[in-house]
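In: could you look at this predicted model? Sequence included:
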Amino acid sequence: MTWWQTLILGIVQGLTEFLPISSSAHLALVPAWLGWQLPEQEAFIFDVLVQVATLVAVVGYYREPLRRMAAALWQDLRQHGAPKQPEARLPLLLLVATVPAGIAGLLWKDAVARTFQRPQQVAYFLLLTALLLALAEVLGRRVRGMPTLGAGDALFVGLFQALALFPGVSRSGATIAAGMFRHLRRDDAANFAFLMAVPIMLAAGAVALWDLVRLPAETLARLWFPFLVGFTAAALSGYAAIHGLLTFLRGHALWWFALYCAVLAGFTLWFF
């Protein structure tokens with residue numbers, strides 16, 4: 001992979017990770033559209049690394065809420081031995097929501113990697129994302145906030161996050177839709193979905209680091225600069241995408257994103 005390829009793919013990743021249109025689909029389809037023949041192992045490791053870059057964007061954007069959550073959890077554990085405040089319970093709910101994707105990632109890793117090389121399958125998963133977004137608008141009552149979430153809600157949303165391991169199923173789209181199925185307001189569902197990225201991307205980053213250090217030394221020497229370029233581009237564009245989507249969702253529905261995913265899927269099936 002060259003530095004200009006990773007720059008383009010990093011920007012694509014950052015902009016589409018938080019928009020409910022599947023960053024993994026775009027990372028799989030853009031090289032195919034441009035005729036790039038990327039080495040499968042390098043492409044898979046790069047995809048996970050730039051997802052970690054968007055973790056940097058999440059932590060930067062939510063640094064104050066994350067600080068309050070950590071302080072509340074520490075205070076409750078010291079005083080009560082268990083989390084009592086809503087902000088203290090939220091980190092535990094995020095961990096619960098991570099469990100399904102963590103298990104699925106270990107079981108499905110090879111199948112997921114193969115899907116990146118099959119644009120038609122990516123298109124079908126994009127149609128699934130479009131369906132989830134549309135159903136969320138139809139079925140969600142949008143009356144709850146994040147403080148009302150329980151362990152059952154977190155596990156339910158986490159199951160949808162596991163689906164997003166496959167390119168074409170948007171992680172943010174699937175988890176926002178799942179939150180809306182539990183009748184969260186759009187922006188609360190998005191905030192919970194974005195905070196869920198912290199533990200799952202830490203886990204994904206550990207896997208990517210393990211794969212990275214196992215590469216031959218000459219491959220690492222060739223890839224460190226292109227990967228750094230893509231990582232930086234993904235982190236900066238991801239921060240902008242979080243702010244933009246949250247602003248949009250305060251006054252708009254998800255129909256446009258559902259339509260985009262459906263049209264992109266149709267174009268992909270036609271193109272290939």
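Out: That came through fine.

In: check contacts around Leu133.
Out: Pro20, Gly173, Ile176, Ala177, Leu254, Trp255, Phe257, Ala258, Cys261 (C-beta atoms under 8 Å, 6 or more residues apart in numbering). Backbone N, C-alpha and C define where each C-beta goes, glycine included.

In: report the contact partners of the third one.
Out: Counting by C-beta under 8 Å, 6+ apart, Ile176 makes contact with Pro20, Leu133, Ala136, Arg186, Ala189, Ala190, Ala193, Leu254.

In: kindly report the same for the second one.
Out: Residues in contact with Gly173, defined by C-beta under 8 Å, 6+ apart, are Pro20, Ile21, Ser22, Thr129, Leu132, Leu133, Ala164, Leu254, Phe257, Cys261.

In: before we move on, the earlier item: nearest to Ala53 among the contacts of Ile176?
Out: Ala193 (17.7 Å; C-beta to C-beta).

In: how about the secondary structure of Ala88?
Out: helix (DSSP: H, G, I helix; E, B strand; the rest coil).

In: just checking, it touches Gln75?
Out: Yes: using C-beta atoms under 8 Å, Ala88 is in contact with Gln75, at 7.2 Å.

In: the two - which one has more neighbours?
Out: Ala88 (21 against 15; other C-beta atoms under 10 Å).

In: how far away is His80 from Arg89?
Out: 12 Å (C-beta to C-beta, to the nearest Å).

In: re the thing from before, want to throw the contacts of Gly173 into TSV with pLDDT?
Out: Converted to TSV, the contacts of Gly173 look like this (pLDDT from 0 to 100):
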residue	pLDDT
Pro20	95
Ile21	94
Ser22	91
Thr129	97
Leu132	97
Leu133	98
Ala164	87
Leu254	96
Phe257	97
Cys261	97
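
In: among those, which ones are in helices?
Out: Thr129, Leu132, Leu133, Phe257, Cys261 (DSSP state H).

In: the second one and Met180 touch, don't they?
Out: Right, Leu132. No: if you go by C-beta under 8 Å, Leu132 and Met180 don't touch, sitting 9.4 Å apart.

In: helices or strands up against the helix or strand hosting Ala206?
Out: Here Ala206, judged by DSSP states H and E, is contained in helix 186-213. The helices and strands touching helix 186-213, judged by 3 or more C-beta pairs under 8 Å, 6 or more residues apart in numbering; DSSP states H and E, are helix 40-61, helix 63-79, helix 86-115, helix 151-163, helix 171-181, helix 217-249.

In: same thing but at 7 Å, please
Out: helix 40-61, helix 86-115, helix 151-163, helix 171-181, helix 217-249 (3 or more C-beta pairs under 7 Å, 6 or more residues apart in numbering; DSSP states H and E).

In: turn those into a markdown table, including distance to Ala203.
Out: Supplementary listing: those in a markdown table, determined by distance: least, C-beta to C-beta, whole Å:
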| stretch | distance to Ala203 |
| --- | --- |
| helix 40-61 | 10 |
| helix 86-115 | 6 |
| helix 151-163 | 11 |
| helix 171-181 | 13 |
| helix 217-249 | 17 |
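
In: of those helices, which is nearest Phe271?
Out: Going by C-beta to C-beta, the one of those nearest Phe271 is helix 86-115, 17.1 Å.

In: the closest one versus helix 40-61: what angle between them?
Out: 160 degrees (axes from the mean of the first three to the mean of the last three C-alpha atoms, to 10 degrees).

In: give me the distance from helix 86-115 to the chain's centre.
Out: Here helix 86-115 shows a centroid-to-chain-centroid distance of 11 Å under the convention C-alpha atoms, centre = their mean, to the nearest Å.
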